[in-house]
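S.K.: Structure for the following, please:
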Amino acid sequence: MYIVAGLGNPGDGYKRTRHNVGFLAIDSLADKLGVQVNRLKFKALIGETNIKGEKVILVKPQTYMNNSGESIRDIVNFYKIDLANLIVIVDDIDIDFASLRIKKKGSAGTHNGLKSIIYQLIDDEFPRVKIGVGKKRQGQDLADFVLSKFSKDEKPEIEDAIDRASDSVIEIIENGVESAMNKFNGK
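M.R.: Here you go, the predicted model:
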């Protein structure tokens, strides 16, 4: 069994912002798998499906980014899954725009959503798929940047990155994290 959590903020005002690419990747994955992510459970919107016989729960925490760990902790504790089977999709300001970085585990870096998950699980041994959302301009407030929408010129590239991120999750479940890292890390 796998839990795939895309991080973001609920509400129309945040819908297509840089910070919500995790939600957008879950939407892309749900479309590919023909599942709705619309049941409210564990302080999250969830949908259940199967990939190659593995039960997969798609998750969009509704606790806002900085408290994502509350929802993830509840789901992980309920299903008692191994953290290697928790895949988290997040935005990343420290990698190239529209690139992917898949990691088996690691620190949260500057990402408050990952910090919350690691704090709540007391562990960082879970795979994550990071989507590069660009870098803020010098002097620009970080919160303003990550809560901004993509420009018209950025949209095609970021939509492709979101699509590749959803494909990478399928690859992780079917063939393992290393295979996904080899196929998807970078642009």
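S.K.: Not counting the longest helix belonging to the chain itself, show me its contacts.
M.R.: Ranked by number of residues, the top helix in the chain under DSSP state H is helix 155-175. Outside helix 155-175, the residues that touch it by Cβ atoms under 8 Å, 6 or more residues apart in numbering are 2, 4, 21, 24-26, 28-29, 32, 51-52, 54, 56, 87, 89, 97-100, 102, 127, 129, 131-133, 150, 179-180, 183-184. To be clear about C-beta, it is placed using only N, CA and C from the backbone, and glycine gets the same treatment.
S.K.: What is the least confident helix or strand in the protein?
M.R.: helix 142-146 (a mean of 86; mean pLDDT, DSSP states H and E).
S.K.: List the contacts of that helix.
M.R.: By Cβ under 8 Å, 6+ apart, helix 142-146 touches 17-19, 91, 93, 133-134, 136-137.
S.K.: The helix or strand just after the longest helix of the chain vs helix 155-175, what angle?
M.R.: Going down the chain from helix 155-175, the next helix or strand is helix 177-184, by DSSP states H and E. If you take axes from the mean of the first three to the mean of the last three Cα atoms, to 10 degrees, helix 177-184 sits at 150 degrees to helix 155-175.
S.K.: From the chain's centre, how far out is the least confident helix or strand of the chain? Work that out for me.
M.R.: 18 Å (Cα atoms, centre = their mean, to the nearest Å).
S.K.: can I get the CA coordinates of that helix in CSV?
M.R.: What follows is helix 142-146, C-alpha atoms only, in CSV (Å, rounded to 0.1, in the frame of the first residue of the first chain):
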residue,chain,number,x,y,z
LEU,A,142,9.5,34.4,-0.1
ALA,A,143,5.9,34.0,1.0
ASP,A,144,4.7,36.4,-1.7
PHE,A,145,6.8,34.5,-4.3
VAL,A,146,5.5,31.0,-3.5
